[in-house]
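A.B. asks: model this:
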Amino acid sequence: MSHGAVAIRYAKALISIAADQNAIDQYTRELSDITAVIKENDLLRLLLDSPTFDVNKKLAIVNDIGKLLKLNEGMSNFLDLLVEKGRITALPDIEASFCRFADERSGVIRARITAAHDLPPAKTEEIQAGLEKQTGKKIVLNIEKDESLIGGLQAEMGGKLFDGSVKTQLKRIADTLAKG
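C.D. replies: Next up is the predicted model:
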């Protein structure tokens, strides 16, 4: 089974547990915290992924981290299961799938806006309101800056890219001129 399929299966199970406990936001935060700790520590990641390192020692490590992060019992049990099944390396993919499922349940769409220059708050609010009106859902914006766009914006939402950047328009003009 591919890493993606594993991640989806475990994320669905975890979102079900979180929903039953009415604690999706809490699980989202805790999953993000534990994933960040494992991502940032290469030695920890190697130990947890090692087939030769004793599973009981892995469980002890994960439990200690869980106590430091003050994870709830459901999340701790979930991490134990991942360690026991040798799936802890799928945690970043599980987190991504979990967040996607959580957003679907709450009617949230995440959009990434890339602009050549910093956007004033009024423009950001205008973009957000326009997207919310168009989709009928709550939009959470992630604003990034990329000066190579020269001007204009790129918006990525729901796996689709809407490109209104000057850079892309200039490239299209250059391609047209090159074709004659």
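A.B. asks: nearest the middle, which residue of this structure would you pick?
C.D. replies: Nearest to the geometric centre of the chain sits Ala96, at 4.1 Å (CA atoms, centre = their mean).
A.B. asks: how far away is that residue from Ile143?
C.D. replies: 20 Å (CB to CB, to the nearest Å). Yep, even glycine has a C-beta here, placed from its N, CA and C like the rest.
A.B. asks: ditto for Leu79
C.D. replies: Distance from Leu79 to Ile143, by CB to CB: 33 Å.
A.B. asks: of these two, which one has the most company?
C.D. replies: Leu79 (24 against 16; other CB atoms under 10 Å).
A.B. asks: the helix-or-strand element of the chain with minimal mean pLDDT: which residues count as buried?
C.D. replies: Least confident helix or strand, the chain: strand 160-163 with a mean of 90, by mean pLDDT, DSSP states H and E. Using 16 or more other CB atoms under 10 Å as the test for burial, strand 160-163 gives Asp163.
A.B. asks: go on, stretch 89-97?
C.D. replies: Ala90, Leu91, Asp93, Ile94, Glu95, Ala96, Ser97.
A.B. asks: shouldn't the fourth one be within a strand?
C.D. replies: It stands for Ile94. No: in this structure, Ile94 is helix, not part of a strand, as judged by DSSP: H, G, I helix; E, B strand; the rest coil.
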